[in-house]
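1. fold the stuff below for me.
(one chain, ligands or ions: 2)
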Amino acid sequence: MLGRIVTFFYNMHRIESGKGIFDAVYAEKKPVVLDATDYSADSFPPFFIQEDFHTLIIIPLISGDELIGMLSMASYQTKEFTSIDIELLSAIGQQLGTTMRNVWLYEKVQQELKERKKLQEVHLENLRLEAADKAKSEFIANMSHELRTPLNSSIGFSELLKQGMAGELNEKQKHYVDNILTSNQFLLTLINDILDISKIEAGKIELVIDKMSVPETIQETLSLIKEKAMKHNVLLKTEFDPELEFIEADKQRVKQILFNLINNAVKFSKEEGGTVTITAKKEGAMAQISVSDTGIGIKEENVCKLFHKFEQLESGISQKYGGTGLGLAITKQLVEQHGGTITAQSKYRAESTFTFTLPIISSIKKSIQAKINPGS
Ligand SMILES: Nc1ncnc2c1ncn2[C@@H]1O[C@H](COP(=O)(O)OP(=O)(O)OP(=O)(O)O)[C@@H](O)[C@H]1O
Ligand SMILES: [Mg+2]
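-> Ligands and ions are numbered 1, 2, ... in the order given. I've put the predicted structure just below:
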């Protein structure tokens, strides 16, 4: 046959039904010969018409019983293919089909092996990163501890100097001692925050869950901020739901959450002052606490960045308002560790509201009780 067909073209086809002339091969899984004189031009593939071929044979590529592709060959002669040619080409189609199936299977296995190797590499990389992260957190925890001791001593001695325990200070000396105190206190807060975040990230913060009064905890926190609020001309208001009194939580940590939020609300108030409202209410099984302010607000595109570490939303904000951008990151972690959630809503240059929830009955405490009294 090859001696007679001087020129022929071939094309491989992945099987697709509904493609006109290929349909018969698709249905019968047998070769089909088409002559240009018997069919209209639009029945043939474009290459056939472009090259001015006269005969087209389409051979099914079969593996087992399955049709996995088609091979078409075209000739410039009319009535080119004899029954012997067709038989021979059918056998070739069978061979090709099996070979192609094997090649595909081989490629698939290779691909799967590659993906499995990649997954393994990602898993190993994750383990490496986790170990590095843990080492970093441990290093920070140790370093922070070492730094706090001399810093506390420096703060203590500065306070003694300020109180005149080592003799009366002149105005300039008082001013310098004040500066030392403020800087040292800022540094201590920063170290405490870094220590907190690294402990949280290393999973080392253990909550001391106990029954605590929500209104009382809020009032206690407010008393720490009252003076600062007065300085900023900010009015502090509370709205308590009589249905919400006690919850099971770590009181010191709840105070820290409240302090961060109320402190921000006062700190980011407008220059002329404003109002900060703390609302506490019962929402099903949760206590819902909101801190709203009438302050500088947050641009919509920045709300999603609020709880990221070291994120201060506008350049120069730390010079103007102080802080390092860790407060909200710690707050979110502490809320979530309690089993609650925190969200923020804001209108730029108008107001902001931070709302967090805490379970009224803590599952953390329950699991400890369950360990102590199994079956109770
Ligand atoms: N109530 C608020 N009104 C307007 N902007 C706020 C408010 N609370 C937070 N922000 C913005 O979110 C940023 C992150 O707050 P976050 O409390 O984490 O950091 P910070 O107050 O700047 O520093 P730190 O809390 O560590 O002392 C702030 O720098 C500020 O840009
Ligand atoms: Mg803050």
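2. neighbours around the closest residue to ligand 2 within the stretch 201-350 of the chain, how many?
-> Proximity to ligand 2, evaluated over the stretch 201-350 of the chain using CB to the ion, is greatest for residue 327 at 2.9 Å. C-beta: built from backbone N, CA, C; applies to glycine. By the other CB atoms under 10 Å criterion, the neighbourhood of residue 327 contains 20 residues.
3. and it, how far from residue 308?
-> Going from residue 327 to residue 308 by CB to CB, to the nearest Å gives 12 Å.
4. next: residue 96.
-> 58 Å.
5. if we can go back for a sec, surely the residue of the stretch 201-350 of the chain closest to ligand 2 is in contact with residue 196?
-> No - the pair residue 327 and residue 196 fails to qualify as a contact (CB atoms under 8 Å) at a distance of 10.0 Å.
6. lowest average confidence, helix or strand, in this protein?
-> Of all helical and strand segments in the chain, the minimum by mean pLDDT, DSSP states H and E falls on strand 8-13, at a mean of 47.
7. so who does residue 152 touch?
-> Applying CB atoms under 8 Å, 6 or more residues apart in numbering to residue 152 gives the contacts residue 188.
8. where does it land in three-state SS?
-> Judged by DSSP: H, G, I helix; E, B strand; the rest coil, the three-state class of residue 152 is helix.
9. measure whichever residue of the stretch 101-250 of the chain sits closest to ligand 2 to residue 297 for me?
-> Nearest residue of the stretch 101-250 of the chain to ligand 2, counting by CB to the ion: residue 193, 9.2 Å away. Separation of residue 193 from residue 297 (CB to CB): 24 Å.
10. count the residues that sit near residue 341.
-> By other CB under 10 Å, 14 other residues sit near residue 341.
11. quick one, phi/psi of it?
-> phi -130, psi 160 (degrees, to the nearest 10).
12. count of residues packed around residue 109?
-> Other residues within reach of residue 109, judged by other CB under 10 Å, total 10.
13. helix or strand next in line after the helix or strand that contains it, which one?
-> Taking DSSP states H and E as the definition, residue 109 sits inside helix 83-162. The element immediately downstream of helix 83-162 (helix or strand, assigned by DSSP H and E) is helix 171-201.
14. tell me if residue 34 really is in a strand.
-> Yes - Residue 34: assigned to a strand according to three-state DSSP.
15. element containing the nearest residue to it once chain neighbours are set aside?
-> With CB to CB, 6 or more residues apart in numbering as the measure, residue 56 is the residue that lies nearest to residue 34, at 4.7 Å, once sequence neighbours are left out. Following DSSP H and E, one finds residue 56 within strand 55-63.
16. how far out from the middle of the chain is that strand?
-> When distances are taken as CA atoms, centre = their mean, to the nearest Å, strand 55-63 is centred 52 Å away from the chain's centroid.
17. and it, what does it pack onto?
-> In terms of contacts (3 or more CB pairs under 8 Å, 6 or more residues apart in numbering; DSSP states H and E), strand 55-63 is packed against helix 22-28, strand 32-35, strand 66-75, helix 83-162.
18. now with 10 Å?
-> Contact analysis of strand 55-63 by 3 or more CB pairs under 10 Å, 6 or more residues apart in numbering; DSSP states H and E lists strand 8-13, helix 22-28, strand 32-35, helix 46-50, strand 66-75, helix 83-162 as its packing neighbours.
19. and the chain, which of its residues are near ligand 1?
-> For the chain, the residues found near ligand 1 under the criterion CB under 6 Å from any ligand atom are 193, 260, 264-265, 268, 293, 295-298, 306, 311-314, 317, 323-329, 352.
20. please spell out the PyMOL selection for the buried subset of those residues.
-> Selecting just the buried residues from those in PyMOL takes one command, with 16 or more other CB atoms under 10 Å as the test:
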select buried, resi 193+260+264+265+268+293+295+296+297+298+306+312+323+325+326+327+328+329+352
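21. of the residues of the chain next to ligand 1, which belong to strands?
-> Mapping the residues of the chain next to ligand 1 onto strands (DSSP state E) picks out 293, 352.
22. and the residues of the chain next to ligand 1, which of them are in helices?
-> Using DSSP state H, the members of the residues of the chain next to ligand 1 that fall in helices are 193, 260, 264-265, 317, 327-329.
23. ok, back up a step: intersection of neighbour lists for residue 327 and residue 196?
-> Residues touching both residue 327 and residue 196 by CB atoms under 10 Å, 6 or more residues apart in numbering: residue 256.
24. what's near enough to touch residue 292?
-> Counting by CB under 10 Å, 6+ apart, residue 292 has contacts 237, 239, 261, 265, 275-279, 345-346, 351-355.
25. show me which pair in these is furthest apart.
-> Across the contacts of residue 292, the two members that end up farthest from each other (CB to CB) are 239 and 346, 19.6 Å apart.
26. more crowded one of the two?
-> Between residue 239 and residue 346, counted using other CB under 10 Å, the more crowded position is residue 346 (21 against 11).
27. skipping adjacent residues, who's closest to residue 248 in space?
-> residue 362 (3.8 Å).
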